[in-house]
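Trainee: return atomic coordinates for the entry below.
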Amino acid sequence: MGTVAPGTRLPSSRELAARHSASPVTVQKALHTLAGMGLVEARPGSGTFVRQRPSRPGPPDFGWQTNTLGAPAERIPTLSTPLRDIPTDAVGLHSGYPARELLPERAVRAALVRASRGEAALRRAPAAGLPDLQTWFAAELSETTPHDVTAAAARDVIVVPGSQSGVCAVLRSLVGPGRPVVMESPTYWGAMAAAAQAGSTIVPIPSRPEGPDPDDLSRALDSSGATVFYAQPNFANPTGALWSADARDRVLAVLRKRGAFMIEDDWAHDFGIDVPAIPLASADDTGTIIYVRSLTKSVSPALRVAAIIARGPVRERIAGYHGADAMYVSPILQAATLDVVLSPAWRTHRRHLTEALRVRRDLLMDCLHDHVPELTVDRPPRGGLNIWARLPYQVDAGALVRECERHAVVIAAGDEWFPSEPSGPFVRLNFAAPDPARLPDATRVIGTALRGLLNQSPQ
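Mentor: Numbering: from 1, shown residues only. Presented below is the predicted three-dimensional model:
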């Protein structure tokens with residue numbers, strides 16, 4: 001319509017049909033579509049005319065909002081690199097999710113159809129979640145609970161719309177504005193974003209491959225007065241660290257001695273490769289550990305369903321904050337998720353997933369060894385989705401990211417996982433999301449870009 005002057009009267013639908021050898025019905029549908037888009041208008045008794053387009057206004061002025069908003073109490077981090085959308089022809093090693101073929105797609109689709117046909121489609125869910133789903137989360141945790149520890153019960157479970165929402169609810173309810181929370185450095189960027197949203201101050205302690213030094217944790221709790229510690233004991237994001245048995249026992253002892261809570265983010269529970277994930281919460285019946293378990297990454301990103309398991313009065317406080325924010329999680333999503341995890345195919349899928357992740361991890365490690373020997377990987381991750389690699393000290397991680405992106409390879413600089421100054425230049429590389437067939441070429445791009453930056457840097 002751009003070649004027809006505004007105000008021009010169009011021929012009738014019958015005339016247009018004759019000119020273009022189309023049926024009058026087809027032409028009439030096209031005119032209705034153009035009218036809906038605001039390109040033409042029908043004038044009863046006169047015909048159909050090309051609509052006069054209004055002159056394009058200048059850009060709106062939002063400057064008035066500066067005075068009203070003022071400065072934020074805490075700077076909320078920008079959208080993380082793992083959530084970026086990238087061109088379809090690019091190789092994405094930046095993602096925080098596994099590839100679609102690593103999800104139980106058929107089970108998810110069937111479960112959503114069944115859920116949409118049932119009662120879940122027309123009623124609200126209880127605030128704490130569907131009772132059967134609460135029972136499943138509690139039962140799963142009890143599978144690894146020792147006989148001398150009282151297992152969690154369904155009443156301890158709060159179903160939340162994704163683990164990010166759960167971590168936000170816990171930090172708001174237990175920490176809040178101006179209060180400290182201890183975190184490892186580096187740590188999950190979403191936890192830092194949740195702390196910023198809550199107005200809390202992060203007290204960092206060093207992350208180590210076998211888990212944090214309990215003495216570091218003790219000093220941080222004592223010096224800051226913090227009563228909450230956030231961590232990922234199983235296959236931590238981004239480092240892949242898996243806490244040793246000694247670190248688990250000593251950290252739990254430190255927390256109990258000081259009457260402090262720990263938020264255990266079990267984000268990678270379904271992504272064990274060499275060993276399964278054993279939640280620290282399964283060894284605790286004192287209410288010290290507040291356990292967050294997500295199904296979003298392993299079932300489907302479209303099913304944002306997770307659980308908080310907390311015991312004692314703290315559970316009621318968290319439930320109150322969650323209810324004020326989310327009210328309840330969609331019963332359709334809960335019912336579909338429950339359908340998937342109760343299906344016989346779920347355990348089979350998890351076994352296949354373990355092997356698929358092992359193949360992809362080993363392939364990326366081999367490609368990095370062959371094409372990017374300048375990177376340092378302390379040890380292959382025993383689970384999770386990512387490889388955490390140190391760059392030569394003189395290389396700027398951001399510059400490497402930009403150079404790789406010029407050649408359609410997207411990686412994530414490690415800086416955004418540090419709550420304080422980075423301890424060095426790192427990159428995080430996802431081995432579960434990209435097409436394995438493209439990993440050799442992608443790592444060649446990384447290697448070429450890295451060596452180009454090394455040649456430019458002063459020796």
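Trainee: for the nearest residue to Gly162 once chain neighbours are set aside, phi and psi?
Mentor: Closest residue in space to Gly162, ignoring its immediate chain neighbours: Arg304 at 3.9 Å, by Cβ to Cβ, 6 or more residues apart in numbering. Yep, even glycine has a C-beta here, placed from its N, CA and C like the rest. Per-residue torsions, Arg304: phi -80, psi 90 (degrees, to the nearest 10).
Trainee: contacts only, for Arg304.
Mentor: 161-162, 165, 296, 333 (Cβ atoms under 8 Å, 6 or more residues apart in numbering).
Trainee: that one and Ser163, how far apart?
Mentor: 9 Å (Cβ to Cβ, to the nearest Å).
Trainee: shared neighbours, those two?
Mentor: Both Arg304 and Ser163 are contacted by Thr296, under the criterion Cβ under 8 Å, 6+ apart.
Trainee: quick one: low-confidence ranges for the protein?
Mentor: 1-3, 53-84, 457-459 (pLDDT under 70).
Trainee: of all residues in it, which one is nearest the centre?
Mentor: The centre of the chain sits closest to Gly96, judged by Cα atoms, centre = their mean, with a distance of 5.9 Å.
Trainee: now the strands: where do they sit in the stretch 51-200 of the chain?
Mentor: In the stretch 51-200 of the chain, the segments counted as strands under DSSP state E, counting those that start in this stretch are 91-92, 157-160, 180-185.
Trainee: same question for the stretch 251-400 of the chain.
Mentor: Along the stretch 251-400 of the chain, counting by DSSP E, counting those that start in this stretch, strands occupy 261-266, 289-294, 306-309, 386-390.
Trainee: pick the most buried one from those.
Mentor: strand 306-309 (a mean of 27; mean count of other Cβ atoms under 10 Å).
Trainee: in its sheet, what does it sit against?
Mentor: Sheet partners assigned to strand 306-309 using DSSP bridges are listed as strand 157-160 (antiparallel), strand 289-294 (antiparallel).
Trainee: can I get it in CSV? Just the C-alpha atoms.
Mentor: Once non-C-alpha atoms are left out, strand 306-309 reads as follows in CSV (Å, rounded to 0.1, in the frame of the first residue of the first chain):
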residue,chain,number,x,y,z
ALA,A,306,10.3,-24.9,41.7
ALA,A,307,10.0,-25.5,45.4
ILE,A,308,11.3,-24.1,48.6
ILE,A,309,11.5,-26.6,51.5
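Trainee: related to what we said a few turns ago, need the strands of the stretch 251-400 of the chain in JSON lines (columns: distance to Pro146).
Mentor: JSON lines is the format used below for those (distance: least, Cβ to Cβ, whole Å):
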{"stretch": "strand 261-266", "distance to Pro146": "16"}
{"stretch": "strand 289-294", "distance to Pro146": "14"}
{"stretch": "strand 306-309", "distance to Pro146": "16"}
{"stretch": "strand 386-390", "distance to Pro146": "30"}
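Trainee: quick revisit: which stretch among the strands of the stretch 51-200 of the chain comes nearest Leu429?
Mentor: strand 91-92 (10.3 Å; Cβ to Cβ).
Trainee: what strands flank the closest one, and is each parallel or antiparallel?
Mentor: Strand 91-92 has the following strand partners under DSSP bridges: strand 409-410 (parallel).
Trainee: other SSEs contacting the next helix or strand after the partner strand?
Mentor: Following strand 409-410 in sequence order, the next helix or strand is strand 412-413 (DSSP states H and E). Applying 3 or more Cβ pairs under 8 Å, 6 or more residues apart in numbering; DSSP states H and E, we find strand 412-413 packed against helix 397-405, strand 426-430.
Trainee: among the ones you listed, which is the most enclosed?
Mentor: strand 426-430 (a mean of 26).
Trainee: buried stuff in whichever helix or strand comes after it?
Mentor: Going down the chain from strand 426-430, the next helix or strand is helix 439-456, by DSSP H and E. Buried residues in helix 439-456, defined by neighbour count with 16 or more other Cβ atoms under 10 Å: 439, 442-447, 449-450, 453.
Trainee: wait, what's in contact with the closest residue to Leu174 other than its chain neighbours?
Mentor: Once flanking residues are discounted, Leu174 sits nearest to Val228: 5.2 Å by Cβ to Cβ, 6+ apart. Val228 sits next to 170-171, 174-175, 181-182, 260-263 when contact means Cβ under 8 Å, 6+ apart.
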